[in-house]
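Q: need the 3D shape of this:
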Amino acid sequence: MFEIREAARLFVARENAKGGLQWQVLDPNPKILVPRCDVPLKAEWTPKNLGRSMRSVTVVCGKARPNDVMPRWNVYVSVRKI
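A: You can find the predicted model right below:
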């Protein structure tokens, strides 16, 4: 979970540096279990059309370690205005 939170934190720090609203990353849901990622994680704003109640960042793993469950994954990390 540390890597997921860190990817979201770095993304939000870059967005905050652009000016405008300031955001703080909250902790990812500790109940989420995902396989390790074989490629660097990417982060982006979660599209508003997904209907999430809070603003969030999507952390994306494009290629998970070989497993039978998920070849790639997305984790949504909530943020709040500061």
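
Q: pretty sure Glu15 is in a strand, no?
A: No. Glu15: not assigned to a strand; according to DSSP: H, G, I helix; E, B strand; the rest coil it is helix.

Q: which residue sits closest to it, ignoring its sequence neighbours?
A: Trp23 (6.6 Å; CB to CB, 6 or more residues apart in numbering). (Glycine included, C-beta is placed from N, CA and C.)

Q: can you pull the pLDDT of the one you found?
A: For Trp23, the pLDDT comes out at 96.

Q: Trp45 and Arg52 touch, don't they?
A: No. Counting by CB atoms under 8 Å, Trp45 sits too far from Arg52 to count as a contact (10.7 Å).

Q: list phi and psi for Ala64.
A: phi -80, psi 160 (degrees, to the nearest 10).

Q: show the contacting residues for it.
A: Counting by CB atoms under 8 Å, 6 or more residues apart in numbering, Ala64 touches 34-38, 70-73.

Q: which of those lies closest to Ala13?
A: Cys37 (20.3 Å; CB to CB).

Q: who is the closest one paired with across the strands?
A: Note on Cys37: beta-bridge partners by DSSP bridges are Ala64.

Q: which ones are touching it?
A: Counted by CB under 8 Å, 6+ apart, Cys37 has contacts 3, 61-65, 73.

Q: tell me which residues touch Lys42, please.
A: Here Lys42 is in contact with 7, 59-60, 62 (CB under 8 Å, 6+ apart).

Q: among those, which are in helices?
A: If you go by DSSP state H, the contacts of Lys42 have Ala7 in helices.
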